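**Student:** 3D model of this:
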Amino acid sequence: MHKQNASPMTFGIIAAVLFLVGCGIVLVYSSSFVLAQAKYGGSDFFLARQAIRAAIAFLCFLVFMKIDYHVWGKISGLVYIAAIGLLVAVLVLPQAEAIKGARRWIDLGFARFQVTELARIAVVLVIANKYHEFGDELHGSRRLLEQIVKMVLITGLIMLEPDFSTAFMIAALGLAMLFVAGVKLWYFGGLLVGLAAFAGAAIALAPYRFGRWLAFLQVGKFKDSIGYQAHQSLIGLGSGGLLGRGLGQGEQKYFYLPEPHTDFAFAILGEEVGFIGLVAILLVFAFVIFRGFRISRFAPDRLGQLMAFGFTLALALYVGVHVCVNVVLVPTTGVPLPFLSYGGMSLIFTMSTIGMLLNIANQAGAKQPETKHGLKASRKVRFTHAG
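**Tutor:** A predicted model of the protein is given here:
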C-alpha cells in the first residue's frame with residue numbers, strides 16, 4: 001500500500017456522502033413505514049435493515065479507501081470472471097430468487113446478492129486495467145474487440161434476467177470509458193450506432209418495454225394502466241410544491257405509488273421536502289460527481305484516471321436515470337437512487353466504489369502537494385482522442 005495523506009477533496013466527499021446516507025435512512029423510513037406496517041407487522045421493518053446495511057456499507061467504504069487501487073487493477077480479470085460466473089448462476093441456480101419475473105438476486109439466506117452490482121464494477125476495472133497495461137495499443141481493432149466482447153457478454157447475460165435498463169447503462173458506461181481512453185472516433189461512432197440499434201430492437205421485441213414507451217409518450221392516456229406509476233409520480237412531485245408537505249406527511253406512500261422506497265424514492269422525497277429540498281439534494285450529488293471527475297483528472301496514472309471516471313460516471317448515470325424516470329423524462333424502469341433508495345447491495349457497492357475513488361484521490365495528493373489553485377499544473381492530466 002502507498003502512504004496516503006488525506007486531501008481537502010477527500011474530506012468534502014466524505015461529508016457529502018455521509019449526509020446522503022443519513023438522508024437515505026430517514027427517507028427509507030418515511031417512504032416505507034406504511035408498507036412495512038401493512039405487510040410485515042412493524043413500521044420499522046425496512047428502517048432496521050437499511051440501518052444495518054448502512055453500517056456495513058460504511059465499513060466497506062473505510063476498508064476500500066485504505067486498499068491501494070492498483071490491487072483492483074491486478075485482480076480485475078478475477079473480478080470479471082466472478083461476475084460472469086454469478087450472472088450465469090443467477091439464471092440457473094434454484095436459490096436464485098425471481099421477483100416480478102426477473103432473476104437478479106441470489107438468496108444467501110441472510111441477504112439477497114444482486115449480481116449486477118458486481119458486474120458494473122467488473123466492467124470499469126477491466127477496461128481501466130487494460131488501458132493501463134496497453135495504452136494506445138487498446139485503440140487497435142483486435143484489443144478493442146476484446147473489450148467489446150467482454151462488455152457484450154456481461155450485458156447479454158443481464159438482458160437474460162431480464163434487466164434492460166441495467167444492461168443499457170453498463171453498455172453506455174463501457175463505451176464512455178473507451179471514448180475518454182482515446183478510441184478512434186469512427187470506431188466509437190460505430191459502437192454508438194450499435195448500442196442505439198440494440199436498444200431499439202430490445203424495446204420493439206418486448207411488448208412490456210414497448211408498452212412503457214407508449215405510456216411515456218402519452219402519460220395522460222394510459223394513467224390508469226401502463227402509465228399509472230408515471231402519473232402517480234408526477235402527482236407526488238406536484239403536490240410537494242416549493243417546501244413540501246413535511247417528512248412523513250406525504251400521501252403517495254399510502255399504496256398510490258408502487259415501490260415508494262426504491263424505484264420512486266425521488267417522487268416521495270419531492271412530495272415531502274418540496275422543490276427546494278430536491279434542489280439541495282441534487283446539489284450534493286452534483287458536488288460528489290464534480291469532485292469525482294476532478295479526481296479522475298488529477299489521478300496519478302491511467303488506471304486511476306479511468307477507474308475514477310468510471311465509478312463517477314456510474315453514479316451520475318444512476319442518479320440521472322432515477323430522477324428522469326420520476327419526472328417522466330424517460331420511460332418507467334426500476335433504477336434505485338444511490339444512497340437514498342432502500343437496498344443493501346446497491347448501498348454497499350456504491351460506498352465501496354467511493355472508497356476506491358478516495359484512495360485514488362489520496363494517492364494523487366500524496367504524490368503532488370496542492371497549491372492555492374489546486375494541484376499543480378503538471379498534475380493536470382487530460383484524456384485525448386486518437387484521430
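
**Student:** Where is the longest strand in this protein?
**Tutor:** strand 102-107 (DSSP state E).

**Student:** what packs against that strand?
**Tutor:** Counting by 3 or more C-beta pairs under 8 Å, 6 or more residues apart in numbering; DSSP states H and E, the packing neighbours recorded for strand 102-107 are helix 76-92, strand 96-99, strand 112-114, helix 115-134. Heads up, the C-betas are built off the backbone N, CA and C, glycines and all.

**Student:** Would you give the sheet partners of that strand, along with the direction of each?
**Tutor:** strand 96-99 (antiparallel), strand 112-114 (antiparallel) (DSSP bridges).

**Student:** Show me where the stretch 101-250 of the chain has its helices.
**Tutor:** Taking DSSP state H, counting those that start in this stretch, the helices of the stretch 101-250 of the chain run over residues 115-134, 141-159, 164-181, 185-205, 207-217, 228-240.

**Student:** Enumerate the positions of the longest strand of the chain that are buried.
**Tutor:** Buried residues in strand 102-107, counting neighbours by 16 or more other C-beta atoms under 10 Å, are found at 103, 104, 105, 106.

**Student:** quick revisit: and the strands paired with strand 102-107, which one averages the lowest pLDDT?
**Tutor:** Per-stretch mean pLDDT for the strands paired with strand 102-107 is lowest at strand 96-99 (a mean of 58).

**Student:** what's the residue lying closest to residue 150 once chain neighbours are set aside in contact with, if anything?
**Tutor:** In space, and not counting its chain neighbours, residue 150 is closest to residue 126: 5.9 Å by C-beta to C-beta, 6 or more residues apart in numbering. Neighbour list for residue 126: 76, 77, 79, 80, 147, 150 [criterion: C-beta atoms under 8 Å, 6 or more residues apart in numbering].

**Student:** Go through the helices and strands packed on strand 102-107 and pick out the most buried.
**Tutor:** Across the helices and strands packed on strand 102-107, averaging neighbours per residue (mean count of other C-beta atoms under 10 Å) puts helix 115-134 on top, at a mean of 23.

**Student:** per-residue pLDDT, residue 7?
**Tutor:** Residue 7 carries a pLDDT score of 59 in this model.

**Student:** For the longest strand of the chain, C-alpha coordinates in PDB please.
**Tutor:** Extracted in PDB, the C-alpha atoms of strand 102-107 (Å, rounded to 0.1, in the frame of the first residue of the first chain):
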ATOM      1  CA  ALA A 102     -36.800 -11.200 -13.100                       C
ATOM      2  CA  ARG A 103     -34.000 -13.300 -11.800                       C
ATOM      3  CA  ARG A 104     -31.500 -10.800 -10.500                       C
ATOM      4  CA  TRP A 105     -30.700 -12.000  -7.000                       C
ATOM      5  CA  ILE A 106     -29.000 -14.900  -5.300                       C
ATOM      6  CA  ASP A 107     -30.500 -15.700  -1.900                       C
END
